[in-house]
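*Asks:* below is the sequence, then the predicted model.
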Amino acid sequence: MNWQHLDSLLTRIRPHREGLSLAIDAVVIAACWHITYLFRLGFERWHSARPDYDLWVMLGLIVLYLLVFLLLRVPKGMWRFSGFGEVQRLTAACGIAGLLGAVAVLMAQLVQVPRAVLALHPVVTLMGLAMVRIGYRMLYEHMRGRISGTMHETRRALVMGAGDAAKLLIAGIQHHGWVVVGLLDDDPRKLGARVGNVPVLGPLDSAGRWAPLHGITHVVVALPSATPAQRRRALDLAAGTGLPVVTVPTAAELSQGGRPEKVREIEPDDLLGREPVRLDEGGISECLSGKVVLITGAGGSIGSELCRQVARYGPLKLVLYELSEFALYRIEQELSVAFPLVPLVRLVGDVRDPEHLASTFERQRPNVVFHAAAYKHVPLMEEDNAFAALRNNTLGTWRAASAAAAARVERFVLISTDKAVNPTNVMGATKRAAEMVISKLSAQVAAEGGATRFMAVRFGNVLGSSGSVIPKFKEQIARGGPVTVTHPDITRFFMTIPEAARLVVQAGAIGEGGQVFVLDMGEPVRIVDLARDLIRMSGHTLAEIPVTFSGLRPGEKLYEELLADADATLPTRFERLRIARLDDRGQDVTALLEWAAGRSCAPDAEVRERLARLVGEYRPAGGSLTR
């Protein structure tokens, strides 16, 4: 038997499941009426001894049974999942219908119908209906075992997309516990066609109709060449089914070795909903290929992705500078496997240690430095850790940049943040002060005829980075919720980790010195919408995993900005990358640096006060500082 064709047949007729169920039940009820006569009267008399009106009695009973079945929703039961619950419902239905039928026959004084037949018929009918359902389930599970290699069907997939990716997907997963029931595609020419012997059922927006009809357990988005907006629409439609959503790799992932038949969970990148930044690969390669590149904070979310991106361009040597031993070990192990030909230097070091920095730069002689080391968690730095943030983010930048200038590094790129614009928190103010450090050093080195070009890159929140909302939301969903959001109206600009890293290396390639690069990241995203998307993509409803609001945390803003009011922007040759020429208002960062360097601790209030003197636009939470 061709089990695949049988599965396809069952898929095609499943939209008519309830009607077919009633028709089969009617045949079973009629057959059981004859079987009951046979049991009561024997082979010689089971047909001849019946009254002339027996056919009408049987038809009346069939109609009565079917009406009771409809009332008790028996046709809505899925036969392939038949079990004790289904038998209970059938028992109740047969009991009620049999009793009503017997009463009607007796009241009509149809005395030639044997009372034993009236009494036994509901029992025999129950046995017949149960045997049909259990038999179907046995056949179905055997078919599943022949098709997917397992008797236990755990994943029934509805696939969005009916192109080549879907064909490869069907071939790749059908024998690994997956059963592809149907395909959806917006191309009207594909409707009714078959891909890999699986039917195209309808357009993408019909997913909500087909999913419950076919007992779907997962929705697979197989649109690797679609635009981000098209993929986002498909993801929204898939999430509307209330089922877990998975996807095949995107075109970019396929170009990097991804396999279309391998499904994966929804990643933060999939939720961005806009075209990713496309930058100048040739210019970046010229800047990095054959050069010694040093990355501070190499084990962090951005630093580690910078390592991956830089390694692609074949540097002469990649120096990993990281304070955390575990983070350094993890990125070193990954790079050793992925880029075995790139020489790695692994250094445990602190950007607040000027002697170690000077020694490192003298020995390694880097050509390009990406400064990713920073404390970035806003609430954590706001309370009891303000001085630590100042020393690491601002003083650390000064010391790393000074070491780069002394070693005549070609380019030094600071990774900044949108929280540095009109900051309301310590973390943002220290990063704004770090931008001032870069501006000051750039002017100083240029005046002295130095070779180093200093620049900064400012971007928004990075989807999936450590401390960001995505990992936190996923953990809360895995625990069963609730998912906590600080405020219903809070918005943020978002970009992906690879996108952020590419922006940084691009800035390093084209920067002329003293510039802050900003990325046009489109429209800001409401955090509560992001939380709801992740809940829906995981196959849960907002009733199962609610979203709760905890209130804004100290130093947190409802929205972020990429450019301060006094900033002027200039275009670059890349459409969505612009340069902000910052007005530092004549402030000299030297006094703050000397104060931070001369002590090992300081009260948070004093740190905020000194930051406010330097960063004119800084408005600490509570607004209690005087100027």
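*Replies:* Yep, that arrived.

*Asks:* show me what the longest helix along the chain is packed up against.
*Replies:* Looking across the chain with DSSP state H, the single longest helix is helix 115-148. Contacts defined by 3 or more CB pairs under 8 Å, 6 or more residues apart in numbering; DSSP states H and E place helix 115-148 against helix 3-13, helix 17-45, helix 84-107, strand 178-184. Heads up, the C-betas are built off the backbone N, CA and C, glycines and all.

*Asks:* got the angle between it and strand 178-184?
*Replies:* Helix 115-148 and strand 178-184 are oriented at 90 degrees to each other (axes from the mean of the first three to the mean of the last three CA atoms, to 10 degrees).

*Asks:* got the angle for helix 115-148 vs helix 17-45?
*Replies:* 130 degrees.

*Asks:* for helix 115-148, list every residue counted as buried.
*Replies:* 117-118, 120-122, 124-126, 128-130, 132-133, 136-137, 140, 143-144, 147-148 (16 or more other CB atoms under 10 Å).

*Asks:* ok, back up a step: rebuild the helices and strands packed on helix 115-148 as CSV, extending it with mean pLDDT, mean neighbour count and distance to Pro482.
*Replies:* Converted to CSV, the helices and strands packed on helix 115-148 look like this (pLDDT from 0 to 100; neighbours: other CB atoms under 10 Å; distance: least, CB to CB, whole Å):
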stretch, mean pLDDT, mean neighbour count, distance to Pro482
helix 3-13, 64, 15, 38
helix 17-45, 83, 16, 37
helix 84-107, 85, 16, 31
strand 178-184, 84, 26, 32
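
*Asks:* got those as a markdown table, with distance to Val221 columns?
*Replies:* Formatted as a markdown table, those follow (distance: least, CB to CB, whole Å):
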| stretch | distance to Val221 |
| --- | --- |
| helix 3-13 | 20 |
| helix 17-45 | 26 |
| helix 84-107 | 33 |
| strand 178-184 | 10 |
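
*Asks:* about what we covered before: next SSE downstream of the longest helix of the chain?
*Replies:* Next in sequence after helix 115-148, counting helices and strands by DSSP states H and E, comes strand 155-160.

*Asks:* elements contacting that next one?
*Replies:* helix 164-173, strand 178-184, helix 207-213, strand 218-221, helix 228-239.

*Asks:* what's the average pLDDT for that strand?
*Replies:* Averaging pLDDT along strand 155-160 yields 84.

*Asks:* which residues are in contact with that strand?
*Replies:* 166, 169-170, 173, 177-185, 198, 201, 204, 207, 210-211, 214-223, 234, 237-238, 241 (CB atoms under 8 Å, 6 or more residues apart in numbering).

*Asks:* between helix 164-173 and that strand, find me the angle.
*Replies:* Using the same axes, to 10 degrees: strand 155-160 against helix 164-173 is 170 degrees.

*Asks:* send the alpha carbons of strand 155-160 over as CSV?
*Replies:* The C-alpha trace of strand 155-160 is given here as CSV (Å, rounded to 0.1, in the frame of the first residue of the first chain):
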residue,chain,number,x,y,z
ARG,A,155,4.5,17.0,15.2
ARG,A,156,2.1,17.7,12.4
ALA,A,157,3.3,20.7,10.3
LEU,A,158,1.5,23.2,8.2
VAL,A,159,4.1,24.8,6.0
MET,A,160,3.9,28.5,4.8
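
*Asks:* all helices for the stretch 251-400 of the chain, in order.
*Replies:* Along the stretch 251-400 of the chain, the segments classed as helices by DSSP state H, counting those that start in this stretch run 251-255, 281-288, 301-311, 325-338, 354-364, 378-382, 386-389, 396-406.

*Asks:* same question, the stretch 501-627 of the chain
*Replies:* 527-537, 590-597, 604-614.

*Asks:* possible to save those helices as CSV with mean neighbour count?
*Replies:* Below are these laid out as CSV (neighbours: other CB atoms under 10 Å):
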stretch, mean neighbour count
helix 527-537, 21
helix 590-597, 16
helix 604-614, 18
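
*Asks:* now for the helix or strand Ala500 falls within, which elements pack on it?
*Replies:* Assigned by DSSP H and E, Ala500 belongs to helix 497-510. When contacts are defined as 3+ CB pairs under 8 Å, 6+ apart, helix 497-510 sits against helix 281-288, helix 301-311, strand 368-371, strand 411-417, strand 453-459, strand 461-463, strand 515-519, strand 577-581.

*Asks:* among those, which is nearest Val111?
*Replies:* strand 461-463 (79.1 Å; CB to CB).

*Asks:* quick one: distance of the helix or strand immediately after that closest one in the chain to the chain centre.
*Replies:* Later in the chain than strand 461-463, the nearest helix or strand by DSSP H and E is helix 469-478. Centre-to-centre, helix 469-478 and its host chain are 10 Å apart (CA atoms, centre = their mean, to the nearest Å).

*Asks:* next structured bit after helix 469-478?
*Replies:* Following helix 469-478 toward the C-terminus (DSSP H and E): strand 483-485.

*Asks:* show me the contacts for the residue nearest to Glu286 when sequence neighbours are not counted.
*Replies:* Nearest non-adjacent residue to Glu286, counting by CB to CB, 6 or more residues apart in numbering: Ala509, 7.2 Å away. Shown in contact with Ala509 (CB under 8 Å, 6+ apart): 280, 283-284, 286-288.

*Asks:* can you flag the buried ones in those residues?
*Replies:* Buried among the contacts of Ala509 (16+ other CB under 10 Å): 280, 283-284, 287-288.

*Asks:* for the closest residue to Ala404 other than its chain neighbours, give the beta-bridge partners.
*Replies:* Closest residue to Ala404 apart from its sequence neighbours, by CB to CB, 6+ apart: Phe412 at 4.5 Å. Counting by DSSP bridges, Phe412 forms beta bridges with Val369, Phe454.

*Asks:* Phe412 contacts Arg453, correct?
*Replies:* Yes - using CB atoms under 8 Å, Phe412 is in contact with Arg453, at 7.2 Å.

*Asks:* neighbour count winner among those two?
*Replies:* The neighbour count for Phe412 versus Arg453, taken as other CB atoms under 10 Å, is higher for Phe412 (30 against 20).

*Asks:* perfect, that will be all.
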